[in-house]
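[1] whatever this is, show me its structure:
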Amino acid sequence: MNCSFHRSVERIGQASRYLPGGVSSNFRLGISPTPLVFDHAEGPYLYDVDGNRLIDYYLGMGPMILGHRPVAVLDAVRAQLDRGILFGGQSEVEFEAAALICEMLPSAERVRFSSSGSEAAQAALRLARAATGRSVVVKFEGHYHGWLDNVLWSVAPSAARMGAEGMPVPQPGTTGQDALAGQMVEVLSWNRADFLDERLSRGDVAAVIMEPAMCNTGAIFPAPGYLETVRDCCTRTGTVLIFDEVITGFRVGPGGAQGRLGTTPDLTLFGKAVASGFPVAGLAGKAGLMDMFVNGNVMHGGTYNAQAVTMAATVATLRTLQAPGTYDLLERQGTRLMNGVADAFAEAGVAASVNGFPEIFHVGLGLSDPPRNYRDILAVDRANYVRLTTALLEHGVRVLERGAWFISTCHDDTVVDETLSALRDTLAAL
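    Okay, here's the model as predicted:
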């Protein structure tokens, strides 16, 4: 296969007359050889305007855990469309979705829905500050919690400006960012319990917000005992522990990373895999915290929160994920793919780490050992990995340039075999 993308190049150029860069998210800019324009999708495949069929490991940046156009979800959405779209009130399907999340997620005694993870993160930080009467929030290098000014700090800082590991210098994520919005945000290096223990001992931190497994930058597991120590430190100092499971929630298991790794936070952000591509995210957590939206004068709103059609998609997605064998399938196919990718690099004599969960893993080109934190990820050979992803795309396989691979229930043996064959051919050619 030798895919070309001339029509996508043409359409992006034309669309730039109306959309800056021809896209509606900066995360879709700068993709090699071009941002793609798609016509339709089915199962594990995307079909672009050039007529290419591409095996998809973007999966919408993670949401399409059941593959594209899952029948059960589409049926539920069509049925809800006949009943209504937006009521400006509650619906039975909203209550059903909330009950499912509280059943599946260990930290969830209450839940509030939103339309994006960025919104859910703001609600969590507001709750934490209200509950503790404190203002400072601790986050970690390489962890992403949305694109708003008060959390977009040190998501991808440069080595030259990030400071020493024991004393990171917070770096803004964009020009135009409100510097004052970061005054109450402190940045630490992740997977270093000693740094966090020392900082929380001062007793003035409202919240620690973190990915329980670092998936926005790499797919890095916590060091043995790290999450348990974080939990103990937060409990001892009265600090609210927030897990950002927008990526891992309902993807790596029914209870997310917290269920898989055995540490329960006070609050959890979720999104992506919960609704098969419909705009659903939310905040779940302990009743005493979440009920402050009712009895603590903590504001949380949103016209589109729990919109009925998206709630129907949520229920259908979670019911499908709960079906016997679904997570076993994801685990089996993801493990087979991970092992095959690692073997392909080894056979080609190319140094690369392949680490993470079978459902979401990361390829670190040029790394001989698994990364421990963001600073280790800085050693990745990004330029050559982009060459690899571009060549893979020309062989009909679409993977994220940042190294993440998402898998769905539709990635069967035939799809995995075709992927590994394309990877071996690409490595040989390069």
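
[2] how near is G225 to A313?
    For G225, the distance to A313 equals 38 Å [C-beta to C-beta, to the nearest Å]. Where C-beta positions appear, they are placed from N, C-alpha and C, glycine not excepted.

[3] I misspoke; the intended subject was D48.
    24 Å.

[4] more neighbours, these two?
    Remark: of D48 and A313, A313 carries more neighbours, 27 against 20, as counted by other C-beta atoms under 10 Å.

[5] any idea how far the spatially closest residue to that one that is not a sequence neighbour is from V309?
    Setting aside the residues directly before and after it, A313 is nearest to F278 in space (C-beta to C-beta, 6 or more residues apart in numbering), at 4.1 Å. Distance, F278 to V309, by C-beta to C-beta: 7 Å.

[6] okay, and the common contacts of those two?
    V77 (C-beta atoms under 8 Å, 6 or more residues apart in numbering).

[7] for G271, give me its contacts.
    G271 makes contact with P63, S116, G117, A120, V246, G249, V280, A281, G282, according to C-beta under 8 Å, 6+ apart.

[8] closest to D381 among these?
    Nearest to D381 among these is V246, at 27.4 Å by C-beta to C-beta.

[9] what's the nearest residue to the residue minimising distance to the centre of the chain if we skip its chain neighbours?
    With distances taken as C-alpha atoms, centre = their mean, I247 lies nearest the centre of the chain, 2.7 Å away. Distance criterion C-beta to C-beta, 6+ apart; nearest residue to I247, sequence neighbours excluded, is C215 at 4.4 Å.

[10] surely the one you found meets I360?
    Yes: with contact defined as C-beta atoms under 8 Å, C215 counts as touching I360 (5.7 Å).

[11] quickly list what's touching both of these two.
    Common contacts of C215 and I360 (C-beta under 8 Å, 6+ apart): I247, T248, A404.

[12] let's have these in CSV, adding secondary structure, distance to L241 and pLDDT.
    Below are the shared contacts of C215 and I360 laid out as CSV (DSSP: H, G, I helix; E, B strand; the rest coil; distance: C-beta to C-beta, whole Å; pLDDT from 0 to 100):
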residue, secondary structure, distance to L241, pLDDT
I247, coil, 18, 97
T248, coil, 15, 98
A404, strand, 25, 96
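
[13] would you list those residues in TSV and tack on distance to G238?
    Below are these laid out as TSV (distance: C-beta to C-beta, whole Å):
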residue	distance to G238
I247	28
T248	26
A404	35
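
[14] now, among those, which is nearest to R110?
    Distances from R110 to the shared contacts of C215 and I360, taken by C-beta to C-beta, are shortest for T248, at 20.3 Å.

[15] can you give me the neighbour number for the residue nearest to that closest one when sequence neighbours are not counted?
    Among residues not flanking T248 along the chain, A257 sits closest, at 4.0 Å (C-beta to C-beta, 6+ apart). Using other C-beta under 10 Å, A257 has 27 other residues around it.

[16] would you confirm that T389 contacts S32?
    Yes: judged on C-beta under 8 Å, T389 makes contact with S32 at a distance of 7.0 Å.

[17] shared neighbours, these two?
    E401.

[18] which one's more surrounded, these two?
    Remark: of T389 and S32, T389 carries more neighbours, 23 against 12, as counted by other C-beta under 10 Å.

[19] so which elements touch the helix or strand harbouring the more buried one?
    T389 belongs to helix 382-394 when assigned by DSSP states H and E. For helix 382-394, the packing partners by 3 or more C-beta pairs under 8 Å, 6 or more residues apart in numbering; DSSP states H and E come out as strand 360-365, helix 413-429.

[20] show residues contacting it.
    Contacts for helix 382-394 (C-beta under 8 Å, 6+ apart): 1-5, 32-33, 54, 363, 365-366, 398-401, 403, 422-423, 426-427, 429-430.

[21] count residues in the vicinity of the closest residue to E109 other than its chain neighbours, would you?
    Among residues not flanking E109 along the chain, A287 sits closest, at 4.2 Å (C-beta to C-beta, 6+ apart). A287 has 11 neighbours, counted by other C-beta under 10 Å.

[22] isn't A287 up against R110?
    Yes: contact between A287 and R110 holds when scored by C-beta under 8 Å: they sit 5.2 Å apart.

[23] overlap in contacts, these two.
    Common neighbours of A287 and R110 (C-beta under 8 Å, 6+ apart) do not exist.

[24] just to revisit the earlier point, present the helices and strands packed on helix 382-394 as TSV; the columns should include distance to P106 and mean pLDDT.
    Shown next, in TSV, are the helices and strands packed on helix 382-394 (distance: least, C-beta to C-beta, whole Å; pLDDT from 0 to 100):
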stretch	distance to P106	mean pLDDT
strand 360-365	19	97
helix 413-429	31	96
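
[25] looking at the ones you listed, which is nearest to A164?
    Smallest distance to A164 across the helices and strands packed on helix 382-394 (C-beta to C-beta): 23.0 Å, for strand 360-365.

[26] just the CA atoms of the closest one, as CSV, please.
    Provided in CSV are the C-alpha atoms of strand 360-365 (Å, rounded to 0.1, in the frame of the first residue of the first chain):
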residue,chain,number,x,y,z
ILE,A,360,-3.2,2.6,25.8
PHE,A,361,0.5,2.2,25.4
HIS,A,362,3.4,4.4,24.3
VAL,A,363,6.4,3.9,22.0
GLY,A,364,9.4,5.8,23.1
LEU,A,365,11.8,5.8,20.1
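
[27] show me what it is packed up against.
    Using 3+ C-beta pairs under 8 Å, 6+ apart, strand 360-365 sits against helix 326-347, strand 352-357, helix 382-394, strand 404-406.

[28] now with 6 Å, please.
    Secondary-structure packing of strand 360-365 (3 or more C-beta pairs under 6 Å, 6 or more residues apart in numbering; DSSP states H and E): strand 352-357, strand 404-406.

[29] what pairs with it, and is each one parallel or antiparallel?
    Strand 360-365 has these partner strands in its sheet, going by DSSP bridges: strand 352-357 (antiparallel), strand 404-406 (antiparallel).
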